[in-house]
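Visitor: give the three-dimensional model of this entry:
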Amino acid sequence: MGLAILYSRARVGVVAPLVTVETHISNGLPALNIVGLPEAAVRESKDRVRSAIINSHFEFPTQRVTINLAPADLPKEGGRYDLAIAISILAASGQLGDINLRAFEFIGELALSGDIRGVSGLLPSAIASHQSRRQLILPSGNQREAALVDSDALHASHLTQVTAHLLKQANLPMCESSNDVLEGALHKDMQDVKGQYQARRALEVAAAGGHNLLFVGPAGTGKTMLASRLPSIMPKMTEQEALAVASVQSVAGRKMGFDWHWSERPFRSPHHSCSAAALVGGGSIPKPGEASLAHCGVLFLDELPEFDRKVLEVLREPLESGEVHLSRARGQVSYPARFQLVAAMNASNEAYSGGMEYYQSSASQKYLKKLSAPFLDRIDLHVEVPPLPSKVLVDEKEVGESSESIRARVELAVARQRERQGFLNSQLGGRQLESICALSYEDKQFMQQALESLKLSARAYHRVLKVALTLADLNARPVCREHLMESLSYRKMEKILSQSDS
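Guide: Got it, this is the predicted structure:
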């Protein structure tokens with residue numbers, strides 16, 4: 001008779017709660033029972049574990065084996081518990097001698113031959129294990145993910161390697177990072193953009209304050225080109241942000257291979273035919289959607305009115321809270337979704353006719369009715385992207401400012417914000433925002449007239465102040481009338497867009 005207790009980790013969103021694996025072997029007819037709310041894949045582990053133990057030249061107990069995965073009210077899914085179950089059976093049956101397993105955590109799926117296969121969503125477990133000061137033993141196929149965490153995690157490719165390490169007959173290798181994981185990728189450069197000075201300025205302001213941005217203009221004016229270059233001028237991610245991004249990518253099942261770069265901000269561009277579940281996440285076992293995959297990066301929605309209106313409305317809560325909460329019958333899951341929204345749209349589905357009449361035509365108003373005012377209200381900057389003059393387009397000497405020099409200004413502005421309030425201006429609350437801005441009496445009167453003239457909502461007013469504060473941070477000055485006027489200029493398209501809302 002024996003009892004063995006060791007640890008593993010579950011996966012609930014980007015959180016990895018601790019799971020205690022308790023195995024008891026007692027007299028009775030040969031049987032293996034797993035309790036603790038296991039899903040089908042966990043219940044099937046009894047057959048995988050039995051064959052893996054036998055093929056690794058150990059003895060499988062011919063007694064009654066009871067395995068409890070605690071806590072009992074936490075659903076367990078996947079094959080990630082196979083390795084922990086196998087080690088606990090070997091320990092409870094006395095085949096590993098008198099060893100202390102409380103200092104380890106085990107994660108890995110077993111093949112019938114005893115090979116250890118990789119699992120999805122391992123990075124949150126590696127982070128949690130490191131914070132609990134236990135040594136994680138994981139599949140060799142997941143070592144690149146675990147290497148992102150500064151820990152002493154070990155990796156193995158076969159069950160016998162793990163048992164040899166526990167018996168101190170051999171040592172398992174530590175997880176090592178590789179250059180393709182740690183080196184940053186080269187983004188597209190802003191030098192490629194000709195003209196469009198207001199749009200370039202808006203991109204710089206958006207990057208400096210974490211603001212949402214909408215480009216409006218006819219086809220072929222460079223809206224997509226501009227949006228794709230926003231990550232190149234955004235400040236480099238902190239280690240905490242990079243781990244958060246990598247955790248979401250890991251849970252989504254993305255392999256940390258040659259297409260993964262540690263310091264690269266995500267850029268997601270879903271097609272306009274995508275569903276609400278694809279955008280914010282869903283499924284019987286909720287998976288992260290495009291909004292969460294763009295965490296700490298850019299979510300680009302091209303041809304905005306072509307998206308289904310109900311699909312766009314699901315983004316309203318993540319734009320405010322920075323999180324996505326998914327409720328299913330099996331429980332609730334939260335994913336981070338602090339992204340910058342960049343949208344691009346034509347003002348009409350007809351050919352560009354030029355001038356403001358293009359935006360006020362009946363065809364344009366009908367086209368723009370697909371967008372709701374509350375959704376547009378959550379976008380800080382509305383920028384018109386007009387057609388380029390042919391002279392600018394063919395001029396080979398027309399070279400814009402490089403992303404590197406723009407990023408230098410952006411990082412200085414971001415540093416001022418983090419020193420002042422600890423986060424970007426786009427995340428400021430109303431009371432804190434008004435306290436930092438501290439407008440003069442004359443500027444308050446000016447803003448009151450502007451609000452009445454443009455018919456801006458309270459949310460839009462605060463977004464104007466946030467953009468003005470970012471402009472002031474870029475100039476290293478307090479907020480003044482100049483910043484307020486420029487900030488209001490980024491809302492001039494809103495009046496045209498709001499006229500179409502029914």
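
Visitor: ok, residues contacting stretch 24-34?
Guide: 1-3, 42-43, 45-46, 50, 61-69, 85, 89, 92-93 (Cβ atoms under 8 Å, 6 or more residues apart in numbering). The way it works is simple: take the backbone N, C-alpha and C, and place the C-beta from them, glycine included.

Visitor: compute the first-to-last residue distance for it.
Guide: 11 Å (Cα to Cα, to the nearest Å).

Visitor: picking that back up, now which of the contacts of stretch 24-34 would you call buried?
Guide: Among those, those buried by neighbour count (16 or more other Cβ atoms under 10 Å) are 2, 42, 45-46, 50, 61, 63-69, 85, 89, 92-93.

Visitor: what mean pLDDT does the helix or strand hosting Ile67 get?
Guide: Using DSSP states H and E, Ile67 sits within strand 64-70. Averaging pLDDT along strand 64-70 yields 96.

Visitor: other SSEs contacting that strand?
Guide: Judged by 3 or more Cβ pairs under 8 Å, 6 or more residues apart in numbering; DSSP states H and E, strand 64-70 is in contact with strand 18-26, strand 31-35, helix 82-92.

Visitor: in the second one, what's buried?
Guide: Residues of strand 31-35 classed as buried by neighbour count (16+ other Cβ under 10 Å): Leu32, Ile34.

Visitor: run me through the strand neighbours of it, direction for each.
Guide: strand 64-70 (parallel) (DSSP bridges).

Visitor: roughly how far is the strand it pairs with from the heart of the chain?
Guide: Relative to its parent chain, strand 64-70 has a centroid offset of 36 Å by Cα atoms, centre = their mean, to the nearest Å.

Visitor: contacting residues around that strand?
Guide: 8, 19-38, 42, 76, 81, 85, 88-89, 92.

Visitor: tilt between that strand and strand 18-26?
Guide: Angle of strand 64-70 versus strand 18-26, following axes from the mean of the first three to the mean of the last three Cα atoms, to 10 degrees, is 160 degrees.

Visitor: please save the CA atoms from strand 64-70 in CSV.
Guide: Listed in CSV are the C-alpha atoms of strand 64-70, where the atom choice follows Å, rounded to 0.1, in the frame of the first residue of the first chain:
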residue,chain,number,x,y,z
ARG,A,64,-6.5,-1.0,-7.1
VAL,A,65,-5.1,2.4,-8.1
THR,A,66,-7.0,5.6,-7.3
ILE,A,67,-5.8,9.0,-8.6
ASN,A,68,-7.3,12.2,-7.4
LEU,A,69,-6.6,15.5,-9.3
ALA,A,70,-7.3,18.2,-6.7
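
Visitor: tell me what angle it forms with helix 82-92.
Guide: Using the same axes, to 10 degrees: strand 64-70 against helix 82-92 is 130 degrees.

Visitor: which regions of the stretch 201-350 of the chain sit below the pLDDT cut-off?
Guide: Applying pLDDT under 70 to the stretch 201-350 of the chain picks out residues 255-262, 330.

Visitor: can you give me the helices in it?
Guide: If DSSP state H, counting those that start in this stretch is used as the criterion, the helices of the stretch 201-350 of the chain fall at 223-228, 239-251, 276-280, 290-293, 309-313, 316-321.

Visitor: now the last one: buried residues?
Guide: Applying a neighbour-count criterion of 16+ other Cβ under 10 Å, one finds Glu317, Pro318, Leu319 buried in helix 316-321.

Visitor: what residues are up against the first one?
Guide: By Cβ under 8 Å, 6+ apart, Glu317 lies in contact with Val324, His325.

Visitor: repeat that for the second one.
Guide: Residues touching Pro318, when contacts are defined by Cβ under 8 Å, 6+ apart, comprise Val280, Ala291, Val324, Ala337, Phe339.

Visitor: what about Arg11, how many neighbours?
Guide: Number of residues near Arg11 (other Cβ atoms under 10 Å) recorded here: 24.
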